[in-house]
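Trainee: Just to be clear, the model below is a prediction. Sequence and coordinates:
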Amino acid sequence: MISGSPSPVVPALILLFSIPIIFYYMAPSILPPRRISISAPDELDDLSLFHKAIAMDSANFSRRPTRLPSAKSHFSTSLRRPKIAFLFLTNSPLHFAPLWERFFSNVTRKHYNIYIHSDPSVKFAPFEGVFEGKTIPSKRTQRSSPTLISAARRLIATAMLDDPSNAYFALISQHCIPLHSFSYFYNFLFDLGRLSRDLQFSSYIEILDNEPTLSDRYDARGKDVMVPEVHFNEFRVGSQFFVLTRRHALMVIKDRKLWRKFKLPCLNVDSCYPEEHYFPTLLSMQDPNGCTDYTLTRVNWTDSVNGHPHTYHPPEVSAELISTLRESNSSYSYMFARKFSPDCLNPLLEIADSVIFKD
């Protein structure tokens, strides 16, 4: 028998057939995530919801100033008092639910409603306590994509349709915590001293026009793609999280023109944050004097990583931190703060009554 060196063909074939397997397991960590598109059926579902909410608002406008909701639903009860709609946008469990439970404790449902948009592709335990039964029909969401605009509009429209007494709409992240008591926040929003000359309350949404990355963000879909709907001098950026009045919420769900541009896919993904562009641009164009240009949600961008703000961890939680987070450059305090890691819950609960909710 003649012996010889093994044929190089066999290792080559093994390597060749191994490449697809290796790529299958390695691709998710190498390639950027596939962008989620908004399907035509989802778009039609949203339009139907928006039309119903707009019709409901128009019908109730003719019956003001009674402000009586037209019907009861499983989300709310029919009451005269103006309410705050808390819109929780999440793709994970509400890790700070016990802190929010304490925030809502000793407050009657005459003052608020809760709505949750929960990404259906992520499975976790059902919500409990004040959050039980508050999930609205939801769709998949993805960071830095128009799906987050759709989710926020879906929350707003559902809240408007559910209860005409919802006068303010506060968009909240699962990573957000309250910085004051509910009563402090409610009294702040409905302080008659904050009424404008035309007897309107303002919306609290960050609207910036001098960011150094503004040009890159504007051209993220391609050169001049945004015109004629949005010219560069009209383009704005700001925090994703806001507190809108009902009239501004109505503007958001009525819009079709700007949405056609902001839902387009981006060519420059690194500069594409539609959820931070659409709402500031829309409201700046439609009612610049009706917005404060400031958000009520504090975020620490001093050491951001991959577009994510600083995340606070348990050793950082203290009375001094809460005091610092409340401080604002405007004439009022921040009401919420993000981003906190889930394991901050217990340290936050320990100072909830003595610090956070002690106004």
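Mentor: Structure's in. What do you need? Residues are numbered from 1 along each chain as shown.

Trainee: quick one, strands of this structure?
Mentor: 83-90, 112-118, 166-173, 177-178, 203-206, 243-245, 291-293, 297-299, 336-338 (DSSP state E).

Trainee: Let's have those strands in TSV, adding mean pLDDT.
Mentor: What follows is the strands of the chain, written out as TSV (pLDDT from 0 to 100):
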stretch	mean pLDDT
strand 83-90	98
strand 112-118	98
strand 166-173	97
strand 177-178	98
strand 203-206	97
strand 243-245	98
strand 291-293	96
strand 297-299	96
strand 336-338	97
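
Trainee: Could you dump these into a markdown table with distance to residue 358 and mean neighbour count added?
Mentor: Quick note: C-beta positions are derived from backbone N, CA and C, even for glycine. As requested, the strands of the chain are exported to a markdown table (distance: least, CB to CB, whole Å; neighbours: other CB atoms under 10 Å):
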| stretch | distance to residue 358 | mean neighbour count |
| --- | --- | --- |
| strand 83-90 | 21 | 25 |
| strand 112-118 | 20 | 23 |
| strand 166-173 | 21 | 24 |
| strand 177-178 | 12 | 24 |
| strand 203-206 | 23 | 24 |
| strand 243-245 | 22 | 24 |
| strand 291-293 | 26 | 20 |
| strand 297-299 | 18 | 22 |
| strand 336-338 | 16 | 22 |
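
Trainee: would you turn the ones you listed into JSON lines with distance to residue 326?
Mentor: Conversion of these to JSON lines gives the following (distance: least, CB to CB, whole Å):
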{"stretch": "strand 83-90", "distance to residue 326": "19"}
{"stretch": "strand 112-118", "distance to residue 326": "21"}
{"stretch": "strand 166-173", "distance to residue 326": "17"}
{"stretch": "strand 177-178", "distance to residue 326": "11"}
{"stretch": "strand 203-206", "distance to residue 326": "15"}
{"stretch": "strand 243-245", "distance to residue 326": "16"}
{"stretch": "strand 291-293", "distance to residue 326": "17"}
{"stretch": "strand 297-299", "distance to residue 326": "8"}
{"stretch": "strand 336-338", "distance to residue 326": "8"}
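
Trainee: out of these, nearest to residue 307?
Mentor: Evaluated with CB to CB, the strands of the chain place strand 297-299 nearest to residue 307, the distance being 11.8 Å.

Trainee: can you list the weak-confidence ranges in the stretch 1-150 of the chain?
Mentor: The stretch 1-150 of the chain contains residues with pLDDT under 70 at 1-34, 61-80.

Trainee: I misspoke; the intended subject was the stretch 151-300 of the chain.
Mentor: Under the criterion of pLDDT under 70, none of the stretch 151-300 of the chain is flagged as low confidence.

Trainee: Next one: the closest residue to residue 132 other than its chain neighbours from residue 134, what distance?
Mentor: For residue 132, ignoring the flanking residues on the chain, the nearest one in space by CB to CB, 6 or more residues apart in numbering is residue 126 at 7.3 Å. The gap separating residue 126 from residue 134 is 11 Å, by CB to CB, to the nearest Å.

Trainee: the more surrounded of those two?
Mentor: residue 134 (18 against 10; other CB atoms under 10 Å).

Trainee: who touches the more buried one in this structure?
Mentor: Contact criterion CB atoms under 8 Å, 6 or more residues apart in numbering gives 75, 88, 114, 115, 116, 127 as the residues in contact with residue 134.

Trainee: who touches stretch 88-108?
Mentor: If you take CB under 8 Å, 6+ apart as the criterion, stretch 88-108 is touched by 112, 114-119, 122, 124-125, 127-131, 134, 141, 148, 151-152, 155, 171-174, 176-178, 181-183, 340, 342, 345, 348-349, 352-353, 356-357.

Trainee: Which residue ranges of the protein form helices?
Mentor: For the chain, helices defined by DSSP state H occupy the ranges 9-30, 40-61, 97-104, 146-162, 182-189, 214-218, 246-254, 257-262, 274-286, 319-326, 345-350.

Trainee: Can I get the last one in CSV, CA atoms only?
Mentor: Extracted C-alpha coordinates of helix 345-350, given in CSV (Å, rounded to 0.1, in the frame of the first residue of the first chain):
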residue,chain,number,x,y,z
LEU,A,345,-35.2,49.9,41.4
ASN,A,346,-34.5,49.1,45.0
PRO,A,347,-32.2,52.1,45.7
LEU,A,348,-34.9,54.3,44.1
LEU,A,349,-37.7,52.8,46.2
GLU,A,350,-35.6,53.4,49.3
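
Trainee: Can you list the buried residues in it?
Mentor: 345, 347, 348 (16 or more other CB atoms under 10 Å).

Trainee: residue contacts, the last one?
Mentor: Taking CB under 8 Å, 6+ apart, we find residue 348 in contact with 96, 99, 177, 317, 340, 356.

Trainee: With residue 128 instead?
Mentor: Residues in contact with residue 128, defined by CB under 8 Å, 6+ apart, are residue 97.

Trainee: mind checking how far it is from residue 209?
Mentor: With CB to CB as the criterion, residue 128 and residue 209 are 43 Å apart.

Trainee: do the same with residue 93
Mentor: From residue 93 to residue 209 the distance is 37 Å (CB to CB).

Trainee: And for residue 230?
Mentor: From residue 230 across to residue 209, the span is 13 Å (CB to CB).

Trainee: Compare those two and say which is more crowded by neighbours.
Mentor: Between residue 230 and residue 209, residue 230 has the larger neighbour count (other CB under 10 Å), namely 21 against 16.
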